[in-house]
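Trainee: got a sequence here, can you model it:
(one chain, ligands or ions: 2)
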Amino acid sequence: MKLFTSEQILKIEEETIKIEKIHSLNLMERAAEALKSQIIEDYKNCEKVFIFCGNGNNGGDGFALARLLHYEFFNVKIFCDLENLNFKENAKINFNDLKKIKDISINDFSEVEKFKIDKNDLVIDALFGIGLNRKIEGKSGELVNILNEINAIKIAVDIPSGLFSDEITPDDFIIFKADKTVSFQFWKKAFLYPETGKFCGEIKILDIGLSHKIIDSEISRNFIIDDILIISIYKKRNDFSNKGNFGNSVIIAGSHGKIGAAVLATKAALRSGSGLIFTISPECGNFILQTSAPEAMFINGGENHITNIELPKNAVCGIGPGLGTDEETEKCVLNFLKNQTKPLVIDADALNIISKNKSILKSIPENSILTPHPKEFERLFGITQNSFDRTDLALKMAKELKLIIVLKDHHTQIITPQQDVFYNITGNSGMAKGGSGDVLTGILTSLLSQKYSSKNAAIFGVWLHGKAGDFAAEKSSKESLLPVDLIKKIGKVFKYIQD
Ligand SMILES: NC(=O)C1=CN([C@@H]2O[C@H](COP(=O)(O)OP(=O)(O)OC[C@H]3O[C@@H](n4cnc5c(N)ncnc54)[C@H](OP(=O)(O)O)[C@@H]3O)[C@@H](O)[C@H]2O)[C@@H](O)CC1
Ligand SMILES: [K+]
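Mentor: Residues are numbered from 1 along each chain as shown. Ligands and ions are numbered 1, 2, ... in the order given. The predicted model follows:
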């Protein structure tokens, strides 16, 4: 699914209106209908609904929603700025329609504190949408501050009021804090970054039937990874095949005390379809690896840490988990990287070793996949002001070095040398634990060895990793979810794609 800027969304809206020969009011009605259905689905037993409307089209959505919910027997109360009824056209039409319904009370923002709002009531923010172009101040600002203190179920229409859709919102802005954001047709960039996403709560995207023809022709380099994309990437396993057809994955990982990292990466690679798996690890991990992952072959890479790397034939490598940064390992890893010609997966301590020896970056084979978490990224490429800027820096580095950068975060991004950004929306906070990254390295190496392109391996692998985490979280609390639980669910994810 493409990710658009608010400017592009407006353009798509206008062109849909043109080619479908409809009035813009129809789109507002579709949006309100979709909102109504979602509210009925999620909160049908809720009695009182408090809707706060601004003067633009976001407010118009709120007025239309109020009318529709009233006809579904909800007790609806509307709030707007009665001292400044300077509405945009469609908002005005819907406001006037609402005035005709005598059972809906229309109140000024300043009256909100006279009402008893219960924790099971709905507070709906339809103050500002993607048309926000400055800080919320004055009466609206005071209102948002009050709403943020109220204990109720808080829903934002399209985007929480006060947030910019496409860029970081300054710290001093007043922003509605939603439990759920019900947004139209597309994800917005603000939902995907930690600084802004924390205001959005759960995200629900509603189809309001904007023209697919227009959407297809509108260019974007930003994408949400969805099931459609994954199904287009997934390669069905050919029945007439043998282990030689699915690649030789080589996991280079582990040191004394960190053999678990090698085990996790190896097991994840085993579960992700590679034909043969080799693990290069120090001798101290031999017994552990052979007992916990007997399907994999052990290659001795040193005594207590890796000091030499000898690859089997046709190896596709994933290097880094639990390596440690011993001087001998550092030398060995740098020497190894210098001599590689095929794309490989580089993670964890291998990234830390590169950070201390940045000149090596230029020798890494094109289209290799680097998987830094924010701290590792910072060590590699420098500090940025915020996570939006981090994406920009990653784009620059991916282009310059011709590498795929997997920026690990709550919504991990896959950044390509061609300057595309793919945002992942699978996964959950239960995966924010030591060992999750090792599992990802195993999955990515395995997919790369099965001849997925680096870009597709990264997109598919990151999505698969998150989806396995989501399946695991269905059965366990996020607190107690373990990286090994992800590995157990990889099979279920493949089944999910095949069905
Ligand atoms: N896309 C679609 O397909 C559909 C979209 N729909 C809906 O339309 C929404 C976008 O509507 P919108 O363009 O009217 O903008 P909205 O956010 O209501 O703001 C209104 C105006 O407020 C002003 N303003 C800005 N910031 C301000 C501030 N801090 N404090 C005070 N004023 C401020 C600014 O005007 P200005 O003052 O700059 O002239 C701005 O134009 C969208 O989010 C969705 O809900 C659906 O109805 C149908 C399908
Ligand atoms: K809003």
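Trainee: of all of the stretch 201-350 of the chain, which residue lies closest to ligand 2?
Mentor: The stretch 201-350 of the chain approaches ligand 2 most closely through residue 201 (12.4 Å), counting by CB to the ion. Just so you know, the C-beta spots here come from the backbone N, C-alpha and C atoms, and that holds for glycine as well.
Trainee: can you pull the contacts of residue 424?
Mentor: Shown in contact with residue 424 (CB atoms under 8 Å, 6 or more residues apart in numbering): 225, 411, 412, 413, 414, 462, 463, 466.
Trainee: cool, residue 465 as well?
Mentor: Contact analysis of residue 465 by CB under 8 Å, 6+ apart lists 426, 427, 431, 436, 439, 440, 443, 486.
Trainee: surely residue 490 is in contact with residue 468?
Mentor: Yes - Residue 490 is within contact range of residue 468, at 5.2 Å (criterion: CB atoms under 8 Å).
Trainee: neighbour-wise, which of these two wins?
Mentor: Taking neighbours as other CB atoms under 10 Å, residue 490 and residue 468 compare with residue 468 leading, 30 against 25.
Trainee: what's the spacing between that one and ligand 2?
Mentor: 34 Å (CB to the ion, to the nearest Å).
Trainee: nearest spatial neighbour of that residue, chain-adjacent residues omitted?
Mentor: residue 489 (4.0 Å; CB to CB, 6 or more residues apart in numbering).
Trainee: ok, now which ones touch that neighbour?
Mentor: With contact set as CB under 8 Å, 6+ apart, residue 489 has these partners: 467, 468, 469, 471, 472.
Trainee: tell me which of these fall in helices.
Mentor: 467, 468, 469, 471, 472 (DSSP state H).
Trainee: now render these as JSON lines, adding distance to ligand 1 and pLDDT.
Mentor: Below are the ones in helices among the contacts of residue 489 laid out as JSON lines (distance: CB to the nearest ligand atom, whole Å; pLDDT from 0 to 100):
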{"residue": "467", "distance to ligand 1": "29", "pLDDT": "98"}
{"residue": "468", "distance to ligand 1": "34", "pLDDT": "98"}
{"residue": "469", "distance to ligand 1": "31", "pLDDT": "97"}
{"residue": "471", "distance to ligand 1": "34", "pLDDT": "97"}
{"residue": "472", "distance to ligand 1": "35", "pLDDT": "97"}
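Trainee: most neighbours out of those residues, which is it?
Mentor: Counting neighbours by other CB under 10 Å, residue 468 leads the ones in helices among the contacts of residue 489 with 30 neighbours.
Trainee: next, the contact list for it, please.
Mentor: Contacts for residue 468 (CB under 8 Å, 6+ apart) come out as 486, 487, 489, 490, 492, 493.
Trainee: so what's the predicted local confidence for the residue sitting furthest away from the middle of the chain?
Mentor: Going by CA atoms, centre = their mean, the residue of the chain most distant from its centre is residue 102, 44.0 Å out. With respect to pLDDT, residue 102 scores 89.
Trainee: repeat that for the one 5 residues further on.
Mentor: As predicted, residue 107 sits at a pLDDT of 98.
Trainee: so how far is ligand 1 from it?
Mentor: 19 Å (CB to the nearest ligand atom, to the nearest Å).
Trainee: tell me the helix or strand right after the helix or strand hosting that residue.
Mentor: Element membership of residue 107 [criterion: DSSP states H and E] is strand 105-108. Downstream of strand 105-108, the first helix or strand assigned by DSSP H and E is strand 122-126.
Trainee: check contacts around the most centrally placed residue in the chain.
Mentor: Note on the chain: the residue nearest the mean C-alpha position is residue 411, at 2.8 Å, using CA atoms, centre = their mean. By CB under 8 Å, 6+ apart, the contact list for residue 411 reads 192, 193, 197, 423, 424, 425.
Trainee: residues near residue 294, how many?
Mentor: When neighbours are counted by other CB under 10 Å, residue 294 registers 10.
Trainee: hmm, I typed the wrong one, I wanted residue 262.
Mentor: Residue 262 has 32 neighbours, counted by other CB under 10 Å.
Trainee: correct me if wrong: it contacts residue 290.
Mentor: No - in this structure, residue 262 is not within contact of residue 290 by CB under 8 Å, at 11.6 Å.
Trainee: picking that back up, take the contacts of residue 489 and write them to CSV, including distance to residue 281.
Mentor: Formatted as CSV, the contacts of residue 489 follow (distance: CB to CB, whole Å):
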residue, distance to residue 281
467, 28
468, 24
469, 25
471, 29
472, 26
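Trainee: circling back to that earlier point, top of the contacts of residue 465 by neighbour count?
Mentor: Neighbour counts for the contacts of residue 465 peak at residue 486, which has 33 neighbours (criterion: other CB under 10 Å).
Trainee: what helix or strand does that residue sit in?
Mentor: Per DSSP H and E: residue 486 is located in helix 483-498.
Trainee: list the buried residues in that helix.
Mentor: By neighbour count on 16 or more other CB atoms under 10 Å, the buried set for helix 483-498 is 483, 484, 485, 486, 487, 489, 490, 493, 494, 497.
Trainee: domain-wise, how is this protein divided?
Mentor: As assigned by automatic domain parsing, the chain contains the domains 6-219, 229-498.
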